[in-house]
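Asks: predicted model, plus sequence, below.
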Amino acid sequence: MATIDQLRAVAVKTLGGQPYPISQKYIEAASQDYKAGQFVYASSGNSISHCETGATACLGMATCDATGTTGTSAEVLLAEPYVVFEANVSHATPASAVTALTQIGAKYGLELSSNKNYCKIDDTTNKFFHVHELSDKDTVGDQYGRVLVRICSDIYNNPGEKTA
C-alpha cells in the first residue's frame, strides 16, 4: 500500500466520446477563495460559491482561482453527466482512506480541505460523487488513492437547465 499525494481534483475524460462542455461564465459571489479545480455551485443571481464539505448542489469545476472581488467574471467547466473527474479519497480515519473495488458504482459525499476536493468514502448520506471507476494511476488499497467520479445528477444545479 502506497500513500498517494493529495492533489486538486481534475477533469480527466468524457464518456462516449463526448466533447468537454464549453466553460460557462458566471459571476463570483462575495468573499470567495476557491482555487482552480474546486467544485462550485450557483447561488442566487447565478453567482458562484465553492462547495463545502457535505455539499448538496454543484454546478461544476472552477477553471481559475477566485479573485475575492464580488461580481468578477469566472469560468466554470459544467458537471454534465458525461464528464468524469479524478479525485483522491478521504476518510475521517486516515488509515481507512484507501481505494477498494467495492467503491465502484457507490455514491459518496464531498470533502473540502485545504482548497482541495476529496471523495469522502465514509459519507454515504450527502451523495455528491458517483464513483465510475478507480484511477489506473494507483493500486487498490492505496491510501488517498484516486477515483474517477461523476457528479450525482440530482445535485447538478445549472440554473439555466434546472426546472422547478
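Replies: That came through, no problem.
Asks: quick check: bridge partners of the residue nearest the centre of the chain?
Replies: Computing the C-alpha centroid of the chain and ranking residues by Cα atoms, centre = their mean puts F39 first, at 4.8 Å. F39 has the following beta-bridge partners by DSSP bridges: M61.
Asks: quick one: contacts for it?
Replies: F39 makes contacts with 9, 50-51, 55, 58, 60-62, 79, 110, 117, 151, as judged by Cβ atoms under 8 Å, 6 or more residues apart in numbering. To be clear about C-beta, it is placed using only N, CA and C from the backbone, and glycine gets the same treatment.
Asks: need the pLDDT of it.
Replies: The per-residue pLDDT reported for F39 equals 96.
Asks: for it, give its distance to D123.
Replies: Counting by Cβ to Cβ, to the nearest Å, the separation of F39 from D123 is 15 Å.
Asks: any weak-confidence spans in this protein?
Replies: 44, 158-164 (pLDDT under 70).
Asks: pop the domain breakdown of this protein in here.
Replies: By the assignment in automatic domain parsing, the chain contains the domains 16-78, 81-155.
Asks: what's the most buried one of these?
Replies: Comparing those by mean neighbour count (mean count of other Cβ atoms under 10 Å), domain 81-155 ranks first with a mean of 19.
Asks: start and end of that one, how far apart?
Replies: One end of domain 81-155 to the other measures 11 Å (Cα to Cα, to the nearest Å).
Asks: nearest residue to S23 in space, please, no chain neighbours.
Replies: Spatial nearest neighbour of S23, excluding adjacent residues (Cβ to Cβ, 6 or more residues apart in numbering): E75 at 4.2 Å.
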